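> Here's my sequence, what's the structure:
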Amino acid sequence: MRKKDFYNEIAHTPVPWRRHELHVPVFYPDFLFMTVSILAPVKCIRSLLPSPRLKPYRITPWQSTLSITAYRYRESDIGPYNEISVGVPVTLDEGTPLFTGSLRRMPKAPMVYIHHMPVTTEIAREVGAEFAGYPKFIADIEFQEEGNWLTCELRAENRKVLTLSGRKLDLKHSPRLCLMPLTYRRGYVLRSEFVVSEREMGSSASGKNVKLKLGEHPIAEELKDLNPGKIVSYGYCPQAQGILTPVFESYAG
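The predicted structure is shown next:
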């Protein structure tokens with residue numbers, strides 16, 4: 001169910017851009033997502049980070065995490081589109097304590113460095129790349145439902161990148177969530193904010209509820225080179241609302 005007052009009293013300012021009229025911040029009134037966190041060696045994860053100021057979470061003394069999230073935006077200010085985020089949960093400057101995400105709680109507003117972000121429409125690519133430096137490119141991203149499973153397949157340049165399949169878990173109430181996407185452009189770390197509404201969501205720490213298969217595309221080979229290991233968390237949300245801000249902070253990196 002949509003939260004009727006989620007957007008109340010928030011200025012939604014029209015901004016002319018090329019042939020379009022955008023709105024700031026960007027509203028996402030209806031979307032689903034599924035997300036997975038995967039263990040990988042700290043050394044491998046660090047190789048993805050463009051700035052020494054970005055510090056990956058330390059789940060164990062030797063392991064960090066890679067985050068893959070598939071979004072199906074059924075309604076947004078820039079139209080419907082699909083998207084996949086491949087990122088690394090990080091802190092800025094300060095190292096994370098050991099066992100963050102296992103014995104220690106994750107931050108209330110986690111930062112995620114966005115390493116790859118394929119999308120299915122040109123306007124989503126252009127707006128994200130131009131305004132915030134998101135590493136977006138056009139790809140084929142398709143969702144399919146079969147029984148109690150939701151599957152998202154990503155293909156680029158006629159080659160499979162990955163297939164993410166997750167079980168439709170039992171849902172529980174989840175509070176509002178604030179994520180801080182980080183990008184890197186021309187020597188600066190850029191920070192935005194993505195607020196996700198209160199929602200019904202399922203989560204699991206069992207690998208039996210989620211499957212990730214990597215293909216033969218260069219991005220898939222890059223992910224294989226990270227030596228990904230155990231899946232440590234999986235989340236499924238059939239409906240949520242969101243607000244994406246413009247970049248509001250930059251850090252020389």
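> Longest helix in the chain, please.
Longest helix of the chain, by residue count under DSSP state H: helix 122-132.
> buried sites along it?
The neighbour-count check on helix 122-132 (16 or more other Cβ atoms under 10 Å) flags 123-129, 131-132 as buried. Where you see a C-beta, it was placed from the backbone N, CA and C, and this is true even at glycine.
> Nearest to K230 among those residues?
Closest approach to K230 among the buried residues of helix 122-132 (Cβ to Cβ): G128, at 31.0 Å.
> Pretty sure that closest one sits against E122.
No: using Cβ atoms under 8 Å as the test, G128 is too far from E122 to be in contact (10.9 Å).
> how many other residues sit next to the residue lying closest to R159 once chain neighbours are set aside?
Excluding its sequence neighbours, the residue lying closest to R159 (Cβ to Cβ, 6 or more residues apart in numbering) is H217, at 4.3 Å. Residues near H217, counting by other Cβ atoms under 10 Å, number 19.
> H217 contacts V161, doesn't it?
Yes: between H217 and V161 there is a contact at 4.3 Å, judged by Cβ under 8 Å.
> Mind listing the shared neighbours of those two?
Residues touching both H217 and V161 (Cβ atoms under 8 Å, 6 or more residues apart in numbering) are R155.
> Can you give the distance of the longest helix of the chain from its chain's centre?
Centroid separation between helix 122-132 and its chain, computed with Cα atoms, centre = their mean, to the nearest Å, is 16 Å.
> Low-confidence regions, the stretch 101-250 of the chain specifically.
101-109 (pLDDT under 70).
> Helices of that one, start to end?
Using DSSP state H, counting those that start in this stretch, the helices of the stretch 101-250 of the chain run over residues 122-132, 218-225.
> who wins for proximity to F194 among the ones you listed?
When the helices of the stretch 101-250 of the chain are compared by Cβ to Cβ, helix 122-132 sits nearest F194, at 10.7 Å.
> So which residues make contact with that closest one?
Contact with helix 122-132 is made by 17, 20, 22, 26, 78-79, 81, 83, 117, 119, 134-138, 181, 183, 190, 192, 246-247, as judged by Cβ under 8 Å, 6+ apart.
> now swap in stretch 167-174 and tell me
The contact list for stretch 167-174, computed with Cβ under 8 Å, 6+ apart, reads 148-150, 198-204, 209-210, 234, 236-238.
> Mind listing what's buried along that stretch?
Those would be 167, 169, 174, for stretch 167-174 by 16+ other Cβ under 10 Å.
> Now distance to L32 too, for these, in JSON lines please.
Below are the buried residues of stretch 167-174 laid out as JSON lines (distance: Cβ to Cβ, whole Å):
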{"residue": "R167", "distance to L32": "14"}
{"residue": "L169", "distance to L32": "13"}
{"residue": "S174", "distance to L32": "14"}
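> which among the residues you listed gets closest to L92?
Nearest member of these to L92, counting by Cβ to Cβ, is S174, at 25.4 Å.
> if I look at the closest one, how far off is Y71?
Noted for S174: a distance of 16 Å to Y71, by Cβ to Cβ, to the nearest Å.
> Quick check: the gap between E221 and G79.
For E221, the distance to G79 - Cβ to Cβ - is 32 Å.
> Likewise for V196?
Counting by Cβ to Cβ, the gap from V196 to G79 is 20 Å.
> Thank you, goodbye.
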